[in-house]
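In: I'd like to go over a predicted model; first the sequence, then the structure.
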Amino acid sequence: MNLDLTPEQLAFREEVRAFFAENTPESFKPRVRAGMRLEPEEFTRWQRLLHARGWGAPSWPKAYGGAGWDPTQLYIFETEASRADAPVQFHQGLELIGPIIFTFGSEAQKAKYLPAIVSGDDWWCQGYSEPNAGSDLASLSTRAVRDGDDYVISGQKAWTSYAHVANRMFLLARTDPDARKQAGISLFLIDLDTPGITIRPVITMDEIHHTNEVFLDDVRVPASALLGEEGRGWSYGKVLLDRERGVTAATTTRLAQQLRGARQAAAETIIGGARLADDPRVADRLAQFELEVMALEAMVMRTMAEATSGQDSGPRASMIKIRWSELLQQITEYWVELQGYGAMAFAALDPDETPEAWPAKGMVYSRVTSIYGGSNEIQRNIIARRALGL
Amino acid sequence: MNFDLSEEQRLLKDSAWRYGADHGDLTAWRARVERGEGYDAASWRRMADLGWLALTVPEDDGGLGAGPFETMVVAEAFGRYLMLEPFVSACVIAPVLLSAATDEVRARLLSGLVEGGVVVSLADAEPTSRFELNRITTRAEVVDGGYRLSGEKSHALDGGVADWFIVPARTAGADDDEAGVSLFLAPAKTEGLTVVRSRAMDNRHNASLKLDGVVVPAENLIGGLGEGFGLLRKAVDHGLVARLAEAVGAMDAVHEMTLEYLKTRKQFGQTLGSFQALQHRAVDMAIACEEARSMMYLATIALSDDAAGRRKVISAAKARIGQTSLYVGRQAVQLHGGVGFTEELAVAHYLKRLIMIDMAFGNADHHRAALVECLKPGAVAA
């Protein structure tokens, strides 16, 4: 048992470190550090930068345009990105549908969709949740009815992040209303400019337009939009859900960014000649975060090492998701506390005064991380049932 | 021992809740916010008609001369119905401070205040003061016929809608001395004063001030020269306790909304409220609401004590209500799931309001540290 990296891995680390140092735009850094998402066009810019270097899809096999890295390399890549205040890549195409397409898709689907995901030319959004199918996703009621060479899709999707930016959507719809709950669900790849699709923005409490409701009204798509087999969509979808939790493991390396931001705020705030960082109570709180982040990072390292050697990690991905979201919330909350009244300006009212509200926005945004991707309550159910036998 | 409201206080509460319910439409509220309005001017006038703006103004000055319990009842309704009008700044804090102003200034400002024509904001915080009320580096020097003020103030609550500011400035002593602090009235529009307005996450309009040699006439000094700190502390205590009542009103409302959601939202073929893990969470929220209400009563009662007696109870209450209110607000969002995270339900707005109330006049962490000082051997007994 050791933490040693091989000479090759050390050389790889130098290579990615140099890349991030050279290429991470300064304008991204304050938002990245606060745990905020970038603007869509900035995500695309970042994706193109990585693609130009051959790193557009770090977790994909080389055969599909990926970097072909093993989990240890991926971990090094994400850790170095975190160190440089570089963003997380936008994940819906790369992590949520790409792997499904190269695992279950037809050759035509692979050729049509995969290259544009890696290059950043396509933006995919996820049409899973519905107003009455959130945590209980399998109760979804959007229907896809076969009509000659087409399917006609009708229903309503909720929490469709970036539908207003995306040109494509992967969605789950019910093709057999009589089958058992999960058995009648199929997965479709559709173009968002197909007639019958209406997108309504939903503004979230960070006052940013990330997400939408999507209404599908007799949306006619060719039968070739079906991925894999009819009625198997749920099983493909479960691979996605597992992968979404895997993405969270990569995201976890970014907690170091928020902790660094909080430390910096403590070091820069001087009250009566004394730095806040030198207040024993502040130092104590920051040390507590440090050790909790360290424990979580060690869990992630074990998970990545097991993935490299093909071992099962049991429910640890769910555990990491819970702890990451809780720590993200607590660290950004404390960062805002350290800023004090300096965090109060959420938006300017007078021209030419843009408040640096990123930590406060990041703190508000962090509330969703214990809700999305399977709420922390659902994650706990998964751990209790699958791992603890309760 | 008695925690009951009097008959008159109960009537005031009913009237305030009825007003909030009648005027609390979230769609209209959000539209107003999106138009960039700090608060509803028509509402403010109606509140003047209801007598709320005159509540704490002494009868001799044309007010109703009511006390902290009446303020508590109205402030709780402000929290419960997310009302954005600057009640606490203009009608709780300012009247305490203005009580020491000259007869002429009182006559002028208080009559406007009671009618809803004048909003006064206290600019207590400075960029390097953090939550320490006594740390004041803004300076005032005597000039011919008045005073000249120079310094910076940060995020005066409701300062974005204020016509007047009350500016604590140092006329003597070291940066954190309580002695040597003087209070000055400055109009929002005057030479040398730059008001930078900002909107907080709870949609209140606050302001930071840059005072670059602002000259005010001698009559704008409130109280004795260098003797303003005691009054400043008293005014902040009254404002702080009113904010606690707002927090308790918001906590109860958002807890009720969450219970309603748990009882109606179905997943996996059953209501969310039938899951034991969520039942227990709702119970912990209910306990938090009860603790907070109890602390609100203690703090409101303590306002009648002398300064030393107030300190311990008010800091304990601010700390505990900060802790419990953030727990309740965050869990309300969590239990609502995705919809709780949107601007379309009130739930998220309650959480953002509670975050800002916790920060106002020092957060839970600050007041717990203040309590440490109160508990040290030799500290003035409560």
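Out: That came in fine, so what should we check first?
In: using CSV, write down the CA coordinates of stretch A:40-51.
Out: What follows is stretch A:40-51, C-alpha atoms only, in CSV (Å, rounded to 0.1, in the frame of the first residue of the first chain):
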residue,chain,number,x,y,z
PRO,A,40,-22.4,28.1,-21.7
GLU,A,41,-20.1,29.9,-24.3
GLU,A,42,-17.3,29.7,-21.8
PHE,A,43,-17.8,26.0,-21.3
THR,A,44,-17.7,25.5,-25.1
ARG,A,45,-14.5,27.6,-25.2
TRP,A,46,-12.9,25.4,-22.6
GLN,A,47,-14.0,22.2,-24.3
ARG,A,48,-12.4,23.4,-27.6
LEU,A,49,-9.2,24.2,-25.8
LEU,A,50,-9.0,20.7,-24.3
HIS,A,51,-10.1,19.1,-27.6
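In: what residues sit buried inside it?
Out: Using 16 or more other CB atoms under 10 Å in any protein chain shown as the burial criterion, the residues of stretch A:40-51 that qualify are A:Pro40, A:Glu42, A:Phe43, A:Thr44, A:Trp46, A:Gln47, A:Leu49, A:Leu50, A:His51. (Glycine included, C-beta is placed from N, CA and C.)
In: ok, and what's touching it?
Out: Stretch A:40-51 has contacts (CB atoms under 8 Å, 6 or more residues apart in numbering or on different chains) with A:23, A:25, A:28, A:37-38, A:56, A:58, A:86-87, A:89-90, A:118-120, A:123, A:162, A:165.
In: can you give me the helices in the stretch 201-350 of chain A?
Out: A:233-252, A:255-268, A:280-308, A:316-339 (DSSP state H, counting those that start in this stretch).
In: just put these in CSV and tack on mean neighbour count and distance to A:Ile153.
Out: As requested, those are arranged in CSV below (neighbours: other CB atoms under 10 Å in any protein chain shown; distance: least, CB to CB, whole Å):
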stretch, mean neighbour count, distance to A:Ile153
helix A:233-252, 20, 12
helix A:255-268, 20, 39
helix A:280-308, 16, 36
helix A:316-339, 23, 31
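In: adding distance to B:His366 and mean pLDDT, write those out as JSON lines.
Out: What follows is the helices of the stretch 201-350 of chain A, written out as JSON lines (distance: least, CB to CB, whole Å; pLDDT from 0 to 100):
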{"stretch": "helix A:233-252", "distance to B:His366": "31", "mean pLDDT": "71"}
{"stretch": "helix A:255-268", "distance to B:His366": "15", "mean pLDDT": "96"}
{"stretch": "helix A:280-308", "distance to B:His366": "10", "mean pLDDT": "92"}
{"stretch": "helix A:316-339", "distance to B:His366": "9", "mean pLDDT": "95"}
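In: including distance to chain B, could the ones you listed go into a markdown table?
Out: Output for the helices of the stretch 201-350 of chain A, formatted as a markdown table (distance: least, CB to the nearest CB, whole Å):
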| stretch | distance to chain B |
| --- | --- |
| helix A:233-252 | 15 |
| helix A:255-268 | 11 |
| helix A:280-308 | 7 |
| helix A:316-339 | 6 |
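In: in a markdown table, list the ones you listed along with distance to B:Thr342.
Out: Shown next, in a markdown table, are the helices of the stretch 201-350 of chain A (distance: least, CB to CB, whole Å):
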| stretch | distance to B:Thr342 |
| --- | --- |
| helix A:233-252 | 21 |
| helix A:255-268 | 24 |
| helix A:280-308 | 29 |
| helix A:316-339 | 18 |
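In: isn't A:Ala267 right up against A:Val282?
Out: No: in this structure, A:Ala267 is not within contact of A:Val282 by CB atoms under 8 Å, at 10.0 Å.
In: list the residues that contact both of those two?
Out: In contact with both A:Ala267 and A:Val282: A:Leu276, using CB under 8 Å, 6+ apart.
In: who's in contact with B:Asp49?
Out: Counting by CB under 8 Å, 6+ apart, B:Asp49 has no contacts.
In: what's the pLDDT at it?
Out: The score at B:Asp49 is 96. That number is its pLDDT.
In: buried ones in the strand or helix carrying it?
Out: If you go by DSSP states H and E, B:Asp49 is part of helix B:41-50. The neighbour-count check on helix B:41-50 (16+ other CB under 10 Å) flags B:Ser43, B:Trp44, B:Arg46, B:Met47, B:Ala48 as buried.
In: cool, stretch A:172-182 as well?
Out: For stretch A:172-182, by 16+ other CB under 10 Å, it's A:Leu172, A:Ala173, A:Arg174, A:Thr175, A:Gln182.
In: can you lay out the residues you listed as TSV showing pLDDT, distance to chain B and secondary structure?
Out: Converted to TSV, the buried residues of stretch A:172-182 look like this (pLDDT from 0 to 100; distance: CB to the nearest CB, whole Å; DSSP: H, G, I helix; E, B strand; the rest coil):
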residue	pLDDT	distance to chain B	secondary structure
A:Leu172	95	16	strand
A:Ala173	96	19	strand
A:Arg174	97	17	strand
A:Thr175	96	22	coil
A:Gln182	88	13	coil
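In: and those, which two are the farthest apart?
Out: By the measure CB to CB, A:Ala173 and A:Gln182 form the most distant pair in those, at 13.1 Å.
In: now do the contacts for the residue nearest the centre of chain B.
Out: For chain B, B:Arg243 is the residue whose C-alpha lies nearest the centre (CA atoms, centre = their mean; 4.0 Å). Contacts for B:Arg243 (CB under 8 Å, 6+ apart) come out as B:Ala75, B:Val88, B:Ile357, B:Ala360, B:Phe361.
In: in helices only, show me those.
Out: In helices, defined here by DSSP state H, the members of these are B:Ala75, B:Ile357.
In: include pLDDT, distance to chain A and neighbour count when you put the contacts of B:Arg243 into CSV, please.
Out: Below are the contacts of B:Arg243 laid out as CSV (pLDDT from 0 to 100; distance: CB to the nearest CB, whole Å; neighbours: other CB atoms under 10 Å in any protein chain shown):
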residue, pLDDT, distance to chain A, neighbour count
B:Ala75, 98, 20, 30
B:Val88, 97, 15, 26
B:Ile357, 98, 12, 27
B:Ala360, 96, 9, 27
B:Phe361, 97, 10, 24
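In: which one of the contacts of B:Arg243 is nearest to A:Leu349?
Out: Distance to A:Leu349 across those (CB to CB) is lowest for B:Ala360, with 18.7 Å.
In: can you tell me how far the nearest residue to the closest one once chain neighbours are set aside is from chain A?
Out: Nearest non-adjacent residue to B:Ala360, counting by CB to CB, 6 or more residues apart in numbering or on different chains: B:Arg243, 5.4 Å away. Distance of B:Arg243 to chain A, given as CB to the nearest CB, to the nearest Å: 14 Å.
In: which SSE is B:Arg243 in?
Out: helix B:229-264.
In: tell me the buried residues in that helix?
Out: In terms of neighbour count (16+ other CB under 10 Å), helix B:229-264 has its buried residues at B:229, B:231-255, B:257-259, B:261-262.
In: now tabulate the buried residues of stretch A:172-182 in TSV and tack on distance to A:Asp350.
Out: Shown next, in TSV, are the buried residues of stretch A:172-182 (distance: CB to CB, whole Å):
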residue	distance to A:Asp350
A:Leu172	47
A:Ala173	49
A:Arg174	52
A:Thr175	56
A:Gln182	55
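In: can you list the residues of the stretch 201-350 of chain B near chain A?
Out: B:201, B:205-206, B:208, B:266-269, B:275, B:277-278, B:330, B:333-334, B:337-338, B:340-344, B:348-349 (CB under 8 Å from any CB of the partner chain).
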